[in-house]
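Asks: Build me a model:
(chains A and B)
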Number of protein chains: 2
Amino acid sequence: MAEEEATTTDQQLRLFIERVERMEEEKKGISDDIRDIYSEAKSQGYDVKIMRQIVRLRKLKPEERKEMEMLIETYKAALGIG
Amino acid sequence: MAEEEATTTDQQLRLFIERVERMEEEKKGISDDIRDIYSEAKSQGYDVKIMRQIVRLRKLKPEERKEMEMLIETYKAALGIG
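Replies: Next comes the predicted model:
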């Protein structure tokens, strides 16, 4: 009986791990799709590095973006970056 | 005419960016699902940190896993970790 219980628990753990693994697979698939979109954009002449920065910028609220840009200017000045 | 071309290009860039953003949203959704699975496992008494290590280990081939374990032992010995 104790053995049967252990088996049920092992089975439950296996199911959790397998659910995570399926989700990780899906996530990987989406990451691949994102890479493909960037490749396609690149083949159309767009700069992927800049596009990634734009995607990051668009996640911010306007005031967050302004604050970030101001801080970058401050840090650049502090380090003597033209 | 030049203006129209610029508009088409701007529109194309916008479409690329929006496709990436939709995919990033989906990815975020899946990450949330993974977090939920771990929460559920935790509420069943499983240790999430160990589960994450197991997921990582299961990605490796047996020989890769053995090599990693050997290296960990070597590094532990080098650093005097019991």
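
Asks: what angle sits between the helix or strand encompassing A:R14 and helix B:2-43?
Replies: Taking DSSP states H and E as the criterion, A:R14 maps to helix A:2-43. Helix A:2-43 runs at 170 degrees relative to helix B:2-43, counting by axes from the mean of the first three to the mean of the last three C-alpha atoms, to 10 degrees.

Asks: Going toward the C-terminus from helix A:2-43, what's the next helix or strand?
Replies: As assigned by DSSP H and E, the chain's next helix or strand after helix A:2-43 is helix A:48-59.

Asks: Could you see whether chain B lies near that next one?
Replies: Yes. For helix A:48-59, a contact with chain B is found by C-beta under 8 Å from any C-beta of the partner chain, at A:M51, A:I54, A:V55, A:R58. Where you see a C-beta, it was placed from the backbone N, CA and C, and this is true even at glycine.

Asks: I would like a ChimeraX command selecting only the buried ones among those residues, please.
Replies: To isolate the buried members of these in ChimeraX, using 16 or more other C-beta atoms under 10 Å in any protein chain shown:
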select /A:51,54,55
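
Asks: residues touching the most centrally placed residue in chain A, list them.
Replies: Closest to where the C-alpha atoms of chain A average out (C-alpha atoms, centre = their mean) is A:S31, at 8.0 Å. Residues counted as contacts of A:S31 (C-beta atoms under 8 Å, 6 or more residues apart in numbering or on different chains) are B:K27.

Asks: do the same with A:Y46
Replies: B:L13, B:F16.

Asks: rerun that using 10 Å as the cut-off
Replies: Each residue near A:Y46 by C-beta atoms under 10 Å, 6 or more residues apart in numbering or on different chains is listed here: A:Y38, A:E40, A:I54, B:T9, B:Q12, B:L13, B:F16, B:I17.

Asks: Could you say which of the residues you listed is surrounded by the most neighbours?
Replies: B:F16 (21 neighbours; other C-beta atoms under 10 Å in any protein chain shown).

Asks: For that one, which non-adjacent residue is closest in space?
Replies: A:A41 (4.5 Å; C-beta to C-beta, 6 or more residues apart in numbering or on different chains).

Asks: Thanks a lot, catch you later.
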